[in-house]
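Enquirer: Make a model of this:
(one chain, ligands or ions: 1)
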Amino acid sequence: MKCIRSEIIGHGHFLPEKVLTNDDLAQMVDTNDEWISTRTGIKSRHVAAEKEYTSDLAFNAAQMALKTAGISAAELDAVVLATVTPDNTTPATSAKIAARLGVKAGTPAFDISAACSGFVYALTMADNMIRLGQAKTALVVCAETLSKITDWTDRNTCVLFGDGAGAVVLRAAEGEGTAADTGVLATKVYADGSQFDNLLTNGGVSTTQTAGHIWMNGKEVFKYAINSLAQGAEDVMSMCGVKAEDLDWLIPHQANIRIISGVGQKLGLPEEKVVVTVDHHGNTSAASIPLALSECMEAGKIKKGDLVVFNAMGAGFTWGGALVRI
Ligand code: COA
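Expert: Reported below is the predicted structural model:
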């Protein structure tokens, strides 16, 4: 049955210039490259400059996405930003980016706070708007400056995170209603607030009037991560009658190589189909999936027609998946 699909017509990413290696971190806290590499798979991450904000990263990624889409910002009908590190508590950072890009006044713009699941949530919301006819062309941008909420004296967390941004432009197109269509084929998002205290900032506007620093119960997060990431992927595949062997790529949230490999194995995917960028990005929360996607598309690794699953899990806990034909 004919239906409206949201096609990814543009992709973009941006990383701050400064790179922090594991050896650099070993100068700051009691850690070493061997521990970080074997436990997380991370070798280096990018860190924003003091006056470089989430909106700057998002703006640059969005500009690249508009350029690869071959459209101007004036053609956008919606701007959705996923972040846990907004420039200001209010207004939404998406509004700032929209104005800077030259999006027409009156175009809806809003932020989504779903932590590391931010891209899957934002893609879901933008896709829903497109399928309902509320937007024809939408920008989904995910950007984080996690370095600003990292406790740089805590070796348990400071080795894990990085800064960066990724973006996609979606446009409405007619589909046949089958898995052979191009565009977003299925999305599913979840949350379980009983896990709130296992991954959070130890501060907030209403509680401490500070942003706080990231804290987590690493072992609990780890246990939950593999199952929830697998669920995100399995559900969207079964919604479309797609099997793991039909996939060209899995782009899981990039938090830890052991989680990424565990999910790939649970889904029965060969290693070469599972995208890994955590080694040089670290965990960039909401930005990790669109950043990885854009990097792979720019390198010609992921191509038009490829069938891809995005799956993510993060604070909340939140999790989910999206099945997309590029
Ligand atoms: N360098 C060296 N040693 C470190 C260290 C570091 N950066 N961080 C912790 N350690 C030490 C701990 O203090 C502990 O020492 P102890 O045994 O003397 O107490 C030891 O290493 C083991 O710590 P532990 O926490 O048990 O390690 P782990 O194997 O569970 O790995 C994580 C820790 C954080 C890498 C792992 O739990 C993880 O990946 N969790 C999920 C995190 C994540 O991805 N979160 C985001 C999801 S969106």
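Enquirer: Residue of the stretch 101-250 of the chain nearest the ligand, please.
Expert: G218 (2.8 Å; CB to the nearest ligand atom). Where C-beta positions appear, they are placed from N, C-alpha and C, glycine not excepted.
Enquirer: Just give the nearest non-adjacent residue to I112, would you?
Expert: The shortest distance from I112 to any non-neighbouring residue, by CB to CB, 6 or more residues apart in numbering, is to A82 (4.5 Å).
Enquirer: these two touch, right, A69 and E7?
Expert: No. Contact criterion CB atoms under 8 Å: A69 and E7 do not qualify, at 10.0 Å.
Enquirer: could you say which helix or strand contains the closest residue to V242 other than its chain neighbours?
Expert: Once flanking residues are discounted, V242 sits nearest to A179: 5.4 Å by CB to CB, 6+ apart. In this structure, A179 sits in neither a helix nor a strand according to DSSP states H and E.
Enquirer: what does the model give A179 for pLDDT?
Expert: We note a pLDDT of 96 for A179 in this prediction.
Enquirer: which residues touch it?
Expert: Residues in contact with A179 (CB atoms under 8 Å, 6 or more residues apart in numbering) are L185, C240, G241, V242, D246, L307, L323, R325.
Enquirer: run the last query once more with 10 Å
Expert: Listed by CB atoms under 10 Å, 6 or more residues apart in numbering, the contact partners of A179 are L185, A186, M237, M239, C240, G241, V242, D246, L307, L323, R325.
Enquirer: Kindly provide the distance from T137 to T277.
Expert: Counting by CB to CB, to the nearest Å, the gap from T137 to T277 is 27 Å.
Enquirer: ditto for A62
Expert: Distance, A62 to T277, using CB to CB: 19 Å.
Enquirer: Give the helix, strand or coil label for L269.
Expert: What DSSP: H, G, I helix; E, B strand; the rest coil gives for L269 is coil.
Enquirer: Quick one: residues contacting it.
Expert: Contacts here follow CB under 10 Å, 6+ apart; on that basis L269 touches A233, A244, E245, L247, W249, L250, V263, V309.
Enquirer: Pipe the residues you listed into CSV and attach pLDDT and secondary structure per row.
Expert: Output for those, formatted as CSV (pLDDT from 0 to 100; DSSP: H, G, I helix; E, B strand; the rest coil):
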residue, pLDDT, secondary structure
A233, 98, helix
A244, 97, helix
E245, 97, helix
L247, 98, coil
W249, 98, strand
L250, 98, strand
V263, 98, helix
V309, 98, strand
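Enquirer: Taking these together, which two end up most distant?
Expert: Pairwise distances across the contacts of L269 (CB to CB) peak at 15.9 Å, for the pair E245 and V263.
Enquirer: which residue ranges form the strands in the stretch 101-250 of the chain?
Expert: Using DSSP state E, counting those that start in this stretch, the strands of the stretch 101-250 of the chain run over 109-112, 137-145, 163-175, 183-191, 199-201, 214-216, 249-252.
Enquirer: Please name the bridge partners of the residue nearest to I112.
Expert: A82 forms beta bridges with I112, C142, as assigned by DSSP bridges.
Enquirer: Now do the contacts for C240.
Expert: With CB under 10 Å, 6+ apart, C240 has these contacts: T178, A179, D181, L185, A186, D246, L307, L323, R325.
Enquirer: Now it, what are its backbone angles?
Expert: Backbone torsions of C240, given as degrees, to the nearest 10, read phi -110, psi 10.
Enquirer: From L247, how far off is the nearest residue to it once chain neighbours are set aside?
Expert: The spatial neighbour of C240 that comes closest, neighbours along the chain excluded (CB to CB, 6+ apart), is A179 at 4.5 Å. According to CB to CB, A179 and L247 sit 11 Å apart.
Enquirer: and the stretch 151-300 of the chain, which of its residues are near the ligand?
Expert: Within the stretch 151-300 of the chain, the positions lying close to the ligand (CB under 6 Å from any ligand atom) are 155-156, 159, 216, 218-219, 221-222, 225, 255-256, 259, 283.
Enquirer: repeat that for 8 Å
Expert: 155-160, 199, 216, 218-219, 221-222, 225, 253, 255-256, 258-259, 283, 285 (CB under 8 Å from any ligand atom).
Enquirer: Please name the bridge partners of the residue nearest to A255 when sequence neighbours are not counted.
Expert: Once flanking residues are discounted, A255 sits nearest to N283: 4.6 Å by CB to CB, 6+ apart. Beta bridges link N283 to F161, judged by DSSP bridges.
Enquirer: isn't G218 right next to N198, touching?
Expert: Yes. Counting by CB atoms under 10 Å, N198 is a contact partner of G218 at 9.2 Å.
Enquirer: Between the two, tell me which one has more neighbours.
Expert: Set side by side, G218 and N198 show more neighbours around N198, with 18 against 15, by other CB atoms under 10 Å.
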